[in-house]
Each structure stands twice: as structure tokens, then as C-alpha cells.
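A.B. asks: give me coordinates for this.
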Amino acid sequence: MSDDYWVASALAYFGPARRLPPVHSGSRGYWYFGAPGADRTTLLYVGEPEPAVRAHFTVVRRIATVDNELGIDTDYQGRPISLISGPKQPWTRIWPDFRRLNLLS
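C.D. replies: Here you go, the predicted structure:
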């Protein structure tokens, strides 16, 4: 998952060659692609965990930081990568809270 549709798009494009699982995001139109499967109880989350993540999961633990290894400062450099697990409810109830249609929410 990602807090940003640009990151989600990049992961969706480059991820299959690296055997990454399907990507989901509540950001803008990416939300309409759907929620993770009902069996997904542990996910990687790229970006600052938003209130919906903290409200709906029992574990939110930072495990890494985005590093492009080029020393190039971008909007994405330094973003946290968190392991989230222990959903408190099924995705059908959680997913609507992830929907964000503008850049400021």
C-alpha cells in the first residue's frame, strides 16, 4: 500500500518483475482499483502512516526508509516504509476510510 498514487503506480509497474504483491492506495483515483483481498492481514505501507492506518490496524511498525541510493533529494526520498498488521475489521469496512480524492487530505 502507499499513501500516494504516484508511488502506488511505480510499485505496480516495477513490482511484478521483483515479485511484489498487488499494490493498493487510497490516494485519488487509485482508491477505485479496490481494496486488498480479504486474506491480506499484513502489508507493507510506503509513506507516512495516515490516521486510517493507525485507527484500523493493531501494529504499525516502521521497518525501512525509501532511499534512491543516488543522493538525489525527491519528494519520496526518506519516506517511511512500515509493516502494518492486525486489521481490526474486514477490508469491506476499513477501505472507505482510506479514500482521499485531493492532495491535501
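A.B. asks: need the pLDDT of L104.
C.D. replies: pLDDT, L104: 50.
A.B. asks: which ones are touching S82?
C.D. replies: Applying Cβ atoms under 8 Å, 6 or more residues apart in numbering, we find S82 in contact with L44, Y45, P49, V53, V60, R61, R62, I63. Bear in mind the C-beta positions are built from the backbone N, C-alpha and C, glycine included.
A.B. asks: show me these that map onto helices.
C.D. replies: Here DSSP state H is the test, and the contacts of S82 give V53 as lying in helices.
A.B. asks: tell me which two of the contacts of S82 sit farthest apart.
C.D. replies: The largest separation in the contacts of S82, counting by Cβ to Cβ, is between V53 and I63 at 14.0 Å.
A.B. asks: about what we covered before: and the contacts of S82, which are buried?
C.D. replies: Among the contacts of S82, those buried by neighbour count (16 or more other Cβ atoms under 10 Å) are L44, Y45, P49, V53, V60.
A.B. asks: going by distance to M1, which of the residues you listed wins?
C.D. replies: Scanning the buried ones among the contacts of S82 for proximity to M1, where the rule is Cβ to Cβ, the winner is Y45, at 4.9 Å.
A.B. asks: check what pLDDT that closest one gets.
C.D. replies: pLDDT, Y45: 94.
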